[in-house]
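1. predicted model and sequence follow; I will ask about them next.
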Amino acid sequence: MCGVAGVYGGARPSDGHRDLIEGMLRQIEHRGPDEAGCYLDDRLAMGTVRLSIIDQAGGSQPVGSADGRWWLCYNGELYNYRELRRELHGLGVRFRTDSDTEVVLQAWLTWGRSCLSRFNGAFAFAVYDSLTGELTLARDRFGKRPLFVARHGGVWLFASEMKAFLAYPGFRFSFDQEQLASIFATWTPLPDQSGYRDVEQLPMGEYLCLRGDRVERGRWTALDLEPGPAPASEEEAVELVRAELAAAVDVRLRSDVEVGVYASGGLDSSIITHLAAERQSGPLRTFSLEFEDAAVDESAEQAALTEKLGTRHHALRVRDEDVVRAFPAAVKHAEVPAFRTAFVPMYLLAERVRQSGIKVVLSGEGADEAFLGYGIFKDALLLDAWDDLDEGARLDRIARIYPYLPHFSGEGAPRRMLGLYRRFTEEYLPGLFSHQMRFQNGRFAVRLLRDATAPFDAAQRLVAGEPGYHGLGTVQKAQWLEFRTLLAGYLLSTQGDRMTLGHGVENRCPFLDPAVVRLAASLNHRFGDPFDEKYLLKRAYADVLPERVVAKGKFPYRATDSAAFVQAWPDFRDTLTDQSTLDEIGVFDTRFVRALVDRVFDGPAERIGTKENQAFTLLASLFWLHHWFVRGQARESSPLRVGLRVVDRRTSALPA
Amino acid sequence: MPDARLTAELKSYLENEALFRFDDEITEDTDLFKAGVLDSFGYVSLMNHVRERHGVELGEDLLDSVLVSLRGIVEFVEAHAVHGANGR
């Protein structure tokens, strides 16, 4: 795993290119602390910081073609690189290294852009044709690896993390009000959003091609959730699940360094732990979080799992004050507003993993999206069928949607929720039917912002512009939205890639293997009770996992929110309400900010619910983003800690 | 004519719960869901409050038939309150 950065075009003299790219790479050196390399010519400066995992000795970057025409800066892992290498070899391609990076370059040279659809991996890269001057940026299908692009005075900047742009002379971050409103309302940045003006994400599954002044954008793959043919029987379905997940874990264990697993104690990561453990000769190393708060702690399930599978387990106990202390640093890595604090413990866990000498971890991320694990999919089922159900059926289903939330369980609770659900049986946000209740709840946090009038416009534009979206069923639309918002915009990024790579650890997600996602689409809701989430996964692994792990049911991973700040950092109140800072940030409705901060710090505690916690976390994260990015305090000015390998093709560097 | 005491009590409750003030923008007739004042959690709290304080169960009927505004809630509670239960 690695980080890439670059500068293309514009009328800059190229004599500063080396220092410029070194400065940009320094900002993201945590992603690849093992090596750094760059390619320079008169149009382009681009480079990579490398975390060496496959072909540690031979995989240095940038990688060039034998004739020196093509150059690749690559961040990612191609899990099927051996198969592609064999195929390319059969076509006469000769390889100089054993790295997956060279396979990417040779695939590009052989098949052009259409090579992307053959890739099973997590990646973002820049490939350059030095003859024509064409630079192509591309990103993987689910948004596992990041790629940000900025325009600045006629120049294109790109990088795995936005903080690299801080090293570009004259570049300044400023918040984008409209994007912030959308992020606060829908929880996460949408696929092309960054939260800042003139900075965009290259959306997952897309490419951006630059050639002089010509700009071409396109999509190389769409998210296909259409069900294929159903297996003949439940037994066959179970066997297919086992086979595809085993294959997905097999290719993700390809590594020249030891691979560990995040074992939260939940069903999904327990399945991955089981599959990894049975494929490893020595004891598998597993990592998990423990919390003081019994309501969120899963250490009993973790113990049951790791004892049964005989793993070498490392548990990190995280206290509220640890979350508060690490919050600023974790936000610096997250780079975008966060609606909950659960990413912070993951930042601390990644640090622990790295200290243990592990560079690669598998996780259960993606299972809830692929196999419909979330309550919001049951919401969608219920609301879709509302008019066909009698009151008894509606009540029965409501009671089974979020059994872990107190206001959904208990005597009489479903009846009280009936009226609330009825309110959302009509689509009043076009295209966003399944998510109307969640987004409605997001309006509270939007009130933190002044001039935030249309927080759902961007999300509505996103789905309106998606070919085929309107033909999807209600549950598939909900699934599509989860893949494009919470998964890519928070779980894989803020809580995933940014936290692990913050400590030079690469995360891999077997549930997001394209074959697994495709299979799940053909199995979902075809077997078992759709209100018994992930029925087939439970059936497929009940015999090899501890009973309590399978029986526990959905248990969302959360960490303590505002109460932790009140306890551990009372002075934060003064920071958050400092008028001059609020004025400088400029986007807030200061009256509401003060009211919210007073509520959180003065209580009473029972009046602080999910919406207050979410709004508070968004507020707190925006304060730190202002500090790190808008004020530029995240910038590292020291030189790279590893040497910079330079491929210098600038005119000035050529022999006279 | 809505009961002034009931209106004042519910107004104060909603303002405290959702950190806002009824004014020119959010009036007694504003849809409190659309304004971002009520969300699903706030709705559940409101139901609990009205049940405990006024002895009325805010059920499906309210959200089914009327706008969820301060005036709508007051009228619903008045219509459904058992005589003598108000201000219990």
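-> Great, that's in hand.

2. for residue 48, give me phi and psi.
-> Answering for chain A, as no chain was given. Per-residue torsions, residue A:48: phi -140, psi 140 (degrees, to the nearest 10).

3. what sits against the most centrally placed residue in chain B?
-> The residue lying closest to the centre of chain B (CA atoms, centre = their mean) is residue B:73, at 3.9 Å. Taking CB atoms under 8 Å, 6 or more residues apart in numbering or on different chains as the contact definition, residue B:73 lies against B:10, B:46, B:50, B:58, B:62. Every C-beta, even on glycine, is put in place using the N, C-alpha and C of the backbone.

4. now, the residues you listed that are in strands?
-> With strands taken from DSSP state E, there is no overlap with those.

5. one step back: host element of the residue nearest to the centre of chain B?
-> helix B:70-80 (DSSP states H and E).

6. cool, and residue A:102?
-> Counting by DSSP H and E, residue A:102 is part of helix A:100-111.

7. what is that helix packed up against?
-> Secondary-structure packing of helix A:100-111 (3 or more CB pairs under 8 Å, 6 or more residues apart in numbering or on different chains; DSSP states H and E): strand A:63-64, strand A:70-78, helix A:81-90, strand A:121-129.

8. nearest to chain B, of these?
-> strand A:121-129 (34.8 Å; CB to the nearest CB).

9. now the angle from that closest one to helix A:100-111?
-> Put simply, strand A:121-129 runs at 60 degrees to helix A:100-111, going by axes from the mean of the first three to the mean of the last three CA atoms, to 10 degrees.

10. skip ahead from strand A:121-129 and say which helix or strand is next.
-> Counting by DSSP H and E, what follows strand A:121-129 is strand A:134-139.

11. for that following strand, which outside residues touch it?
-> A:6, A:8, A:44, A:46, A:113, A:116, A:123-129, A:145-147, A:149, A:156, A:158, A:202-211, A:220.

12. again, only this time at 7 Å
-> Contacts of strand A:134-139 with the rest of the structure, by CB atoms under 7 Å, 6 or more residues apart in numbering or on different chains, involve A:8, A:44, A:116, A:124-128, A:145, A:147, A:149, A:158, A:202, A:204, A:206-211.

13. cool, and stretch A:599-617?
-> Under CB under 7 Å, 6+ apart, the answer for stretch A:599-617 is A:338-341, A:441, A:444-445, A:448, A:561-563, A:566, A:573, A:596, B:19, B:39, B:41.

14. just give me how far that stretch sits from the chain centre.
-> 27 Å (CA atoms, centre = their mean, to the nearest Å).

15. would you confirm that residue A:263 contacts residue A:273?
-> Yes. With contact defined as CB atoms under 7 Å, residue A:263 counts as touching residue A:273 (4.6 Å).

16. any common contacting residues for the two?
-> A:286, A:305.

17. circling back: as TSV, the contacts of residue B:73 with distance to chain A would be great.
-> Output for these, formatted as TSV (distance: CB to the nearest CB, whole Å):
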residue	distance to chain A
B:10	17
B:46	10
B:50	11
B:58	7
B:62	6
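
18. which of those residues has the weakest pLDDT?
-> Looking at pLDDT alone, the contacts of residue B:73 dip lowest at residue B:62, where the score is 57.

19. the helices in the stretch 301-450 of chain A, which residues?
-> With DSSP state H, counting those that start in this stretch as the criterion, the stretch 301-450 of chain A has helices at A:320-334, A:343-355, A:367-370, A:375-385, A:391-399, A:413-423, A:436-446.

20. return the most buried member of those helices.
-> helix A:367-370 (a mean of 27; mean count of other CB atoms under 10 Å in any protein chain shown).

21. how far out from the middle of the chain is it?
-> That offset, for helix A:367-370, works out to 14 Å (CA atoms, centre = their mean).

22. helices or strands next to that helix in the packing?
-> On a contact count with 3 or more CB pairs under 7 Å, 6 or more residues apart in numbering or on different chains; DSSP states H and E, helix A:367-370 meets helix A:514-523.

23. buried residues in stretch A:465-472?
-> A:466, A:469, A:472 (16 or more other CB atoms under 10 Å in any protein chain shown).
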